[in-house]
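Asker: 3D, please:
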Amino acid sequence: MSTMDPQPGCRPGTSPVAPGHGLPRLVCTVLFIVGLAGCGVLREFQPSVVVKQVAPRDYIAQQRSDVLAGGELSARTRQTLRVTGLDLGACATTTVPACLSALAGAGGISDEWRLSALTELWLQYAMSLPRRARVPGGREERFSAWLEAARHAYGYLFFTARSPGDRAFEDRQTQVRDWYNYAVQQATSQLFQATGGRPRHASETARHTLTFAGWQLQVDLQVRLPSHAGLPQELLPASALHFRGLRSIYQRDGFGSEFVAVTPAPPLGEREARGRRGPPAWSEMPSPNITVVFCFAGETLEELLSLREVTVNVHDPLMESELNLRGHRVPLAGNYTAGYGLWLARSGFNRQSLSSLLGRRRGIGRPHLYMMQPFDPNRRILLMLHGLASSPEAWVNVANEILGDEELRREFQVWQVYYPTNMPVAINHAAIRRLLQKTLASVDPAGDQPASQDLVVIGHSMGGMIARLMVSTAEEQLWDWALAGRRPDPARLERLRPYLDPMLRFEPLPNVERVLFIATPHRGTPVAGRRLVRWLAGLVQLPWTLLQNIDEALIFQVRAEGLTPTRAAQALPTSLDNLDERDAFVRAAARLPIAERVHYHSIIARAQVDRPLEETDDGLVPYRSAHLEGARSEQVIVAGHSVQETAAAILEIRRILHEDLRERRPTP
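Answerer: Reported below is the predicted structural model:
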């Protein structure tokens, strides 16, 4: 302490001031204390703890913020660094390897504190490294840092004294799980880029071993990728995808990193139009959701942190909901929306469906069935049929909401038919019926799996008309329509009958148990007869593939004898003709009886609320045409013709499906 000259009247050895002179003495005392403040003594007179109130928002941010969310180390990691006496400033900014090494060997803290702090520090270190390091080995260093982060998180979760269940309500465990998932995401993406997503040798199977950055990785592909596709072309983190047009993103929180595996999609349209061999009649959605989990070798914490061996497990979140890791049951993370949304976003259905309606080259000439997941023999099939000038995009939120409902997701698998909506309803119905039977025979040859029984069909608009034919009986009614009073030569008619019978004579499909009709014009619509619509109908052409198919062209010879297929096609009704309430086919089909064993429901839209229900329509389909006697339920919703996308319609669909499941449960 520096020497200070005493103030006058305050010299050492002087006697106290006389009574009445207390003020000078007080002044001297204060000045003396101020002088001591230069030596830090004044700090002793300050409170050691200061308290202030924090807003709830700031409190949550302080508790949850970390290197991923806020760009700075979490409060718990900073606390760990202070307790161990490490340089907080250096570790919190650069995370030099020396800091990581010092914390790993520091004493006085528990394994939980050490491992969780090291996880975040390794994350920060990996994020600080350049993505494309120019120095030799830079890419390997970054990959190794991601694996170190995942490994220390794995140690925190499964190699400390307390189990994950003991920490179930702790924010810190949620943070560490998120750090693990992010580190696995980054390491997986880098590994996929480095290897091209392919095994090193063509002979390697779904389970193979590779070495990268000094780590030995055993890859175990436990999911079945789409059968008509090869290995993934892209591996996209689900968390990095943002969608417009989807009302909700459905996922399950848990362990593992969520990806979309993008595989080649079967080509539709141009190959058919050019007369080449077409794509398969059915395929699985080409962008399935997968979840990747890294399991690190070692039976003790010491072994875990010393071995550089990891098993990369790839799971299907639709087939698995939990994992058994080191004796603990943990939920498997899963995303149910990302793959579906990506498929629709890249499909080009919006343009192709219009080309199909107009019979253009880029359209499709025959129906195609898409499975939203690889065939599951234990899940019942929910078959969706879109309407005129539409595609599977018509079901975007319906299918997503069903996949997001845990019980429905567990019980149903979604199939969607994509068909050319310019063809007559009778031909489309025959082709779709044949497609469904062929697909079922392919995936379940014996026909004895639960998936092949009790199908539920949902049809919107013209898709509802096709759905009704699938559960109806036609004997001679449609033959009378096809002949239209003509009397063809009996011998010739017998030759044509084997080709025409599938379109004109049929029984209800035996494995369809329930049908949902949505905005379906069972009796047609007057709109189809208006002048503008008739003009538009003149633009609709039948697909080139249909005109080249002699079997289906035979129906032209019945309707217009003596004409070539091309000339006869002009006399064949198009899909727009089949929507006209005056169309003979529509009138005949509306009188076909629905199988008594089939439960059917109606969801009907009305655009007007100020008129009697019987006089309303949805802008296209009148109520009187959509209404069906004998329906198990009828829900009328104020909406336009695309009512299937409204929240009210989706809630009704889910209600019906849940009611179906309740009715099927055994009585206790």
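
Asker: so where is the stretch 201-350 of the chain shaky, pLDDT-wise?
Answerer: 201-206, 228-230, 269-279 (pLDDT under 70).

Asker: which parts of stretch 398-408 are buried?
Answerer: 398-405, 408 (16 or more other C-beta atoms under 10 Å). To be clear about C-beta, it is placed using only N, CA and C from the backbone, and glycine gets the same treatment.

Asker: Between those residues, which sits nearest Ser116?
Answerer: Nearest to Ser116 out of the buried residues of stretch 398-408 is Gly404 (C-beta to C-beta; 32.1 Å).

Asker: Can you report phi and psi for the residue nearest to that closest one when sequence neighbours are not counted?
Answerer: Excluding the flanking residues, the one nearest Gly404 by C-beta to C-beta, 6 or more residues apart in numbering is Tyr250, at 3.2 Å. Per-residue torsions, Tyr250: phi -100, psi 130 (degrees, to the nearest 10).

Asker: ok, now which ones touch Tyr250?
Answerer: 335-337, 400, 403-404 (C-beta atoms under 8 Å, 6 or more residues apart in numbering).

Asker: Can you lay out the residues you listed as JSON lines showing distance to Val621 and secondary structure?
Answerer: Formatted as JSON lines, the contacts of Tyr250 follow (distance: C-beta to C-beta, whole Å; DSSP: H, G, I helix; E, B strand; the rest coil):
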{"residue": "Asn335", "distance to Val621": "36", "secondary structure": "strand"}
{"residue": "Tyr336", "distance to Val621": "32", "secondary structure": "coil"}
{"residue": "Thr337", "distance to Val621": "30", "secondary structure": "coil"}
{"residue": "Asn400", "distance to Val621": "25", "secondary structure": "helix"}
{"residue": "Leu403", "distance to Val621": "28", "secondary structure": "helix"}
{"residue": "Gly404", "distance to Val621": "28", "secondary structure": "helix"}
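
Asker: May I see these organised as TSV, with distance to Gln233 added?
Answerer: Listed next are those as TSV, based on distance: C-beta to C-beta, whole Å:
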residue	distance to Gln233
Asn335	19
Tyr336	22
Thr337	21
Asn400	24
Leu403	23
Gly404	27
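
Asker: Glu258 belongs to a helix?
Answerer: No. Per DSSP: H, G, I helix; E, B strand; the rest coil, Glu258 lies outside any helix segment and is strand.

Asker: That one against Leu241, yeah?
Answerer: No. Counting by C-beta atoms under 8 Å, Glu258 stays clear of Leu241, with 9.9 Å between them.

Asker: between the two, what contacts are shared?
Answerer: Ala338.

Asker: higher neighbour count, the two?
Answerer: Ranked by neighbour count (other C-beta atoms under 10 Å), Glu258 and Leu241 place Glu258 first, with 27 against 17.

Asker: What's the separation between Thr315 and Gly155?
Answerer: For the record, residue 315 is His, not Thr. Remark: distance between His315 and Gly155 (C-beta to C-beta, to the nearest Å) = 21 Å.

Asker: ah, wrong one, I meant Gln373
Answerer: Counting by C-beta to C-beta - Gln373 and Gly155 are separated by 34 Å.

Asker: in the longest helix along the chain, what's buried?
Answerer: The longest helix of the chain (DSSP state H) is helix 171-195. By 16+ other C-beta under 10 Å, the buried positions in helix 171-195 come out as 172-173, 175-192.

Asker: could you list every residue that touches the residue nearest the centre of the chain?
Answerer: In the chain, the residue lying closest to the centroid (C-alpha atoms, centre = their mean) is Thr337, at 1.5 Å. Taking C-beta under 8 Å, 6+ apart, we find Thr337 in contact with 243, 246, 248-251, 400, 403-404.

Asker: Can you list the residue ranges for helices in the stretch 201-350 of the chain?
Answerer: 270-273, 301-306, 338-347, 349-357 (DSSP state H, counting those that start in this stretch).

Asker: Identify the residues contacting the closest residue to Asn313 other than its chain neighbours.
Answerer: Among residues not flanking Asn313 along the chain, Val293 sits closest, at 4.6 Å (C-beta to C-beta, 6+ apart). Val293 is in contact with 184, 255-257, 312-315, 323, 332, counting by C-beta under 8 Å, 6+ apart.

Asker: how far is stretch 445-459 from where the chain is centred?
Answerer: Distance of stretch 445-459 from its chain centroid, counting by C-alpha atoms, centre = their mean, to the nearest Å, is 24 Å.

Asker: buried stuff in that stretch?
Answerer: So, applying 16+ other C-beta under 10 Å, buried residues of stretch 445-459: 449, 451-452, 455-459.

Asker: rewinding a little: next, find the distance separating the residue nearest to the centre of the chain from Glu393.
Answerer: Distance from Thr337 to Glu393, by C-beta to C-beta: 15 Å.

Asker: same question, Arg351
Answerer: Taking C-beta to C-beta, one finds Arg351 at 11 Å from Glu393.

Asker: who's more crowded, these two?
Answerer: Neighbour count, other C-beta under 10 Å: between Arg351 and Glu393, Glu393 has more, with 17 against 13.

Asker: Work out for me the element Ala491 sits within.
Answerer: helix 490-504 (DSSP states H and E).

Asker: Could you give me the buried positions within that helix?
Answerer: 499-500, 502-504.

Asker: just those residues now: which is nearest Ala648?
Answerer: Relative to Ala648, and with distances defined as C-beta to C-beta, the nearest of those is Met503, at 36.0 Å.
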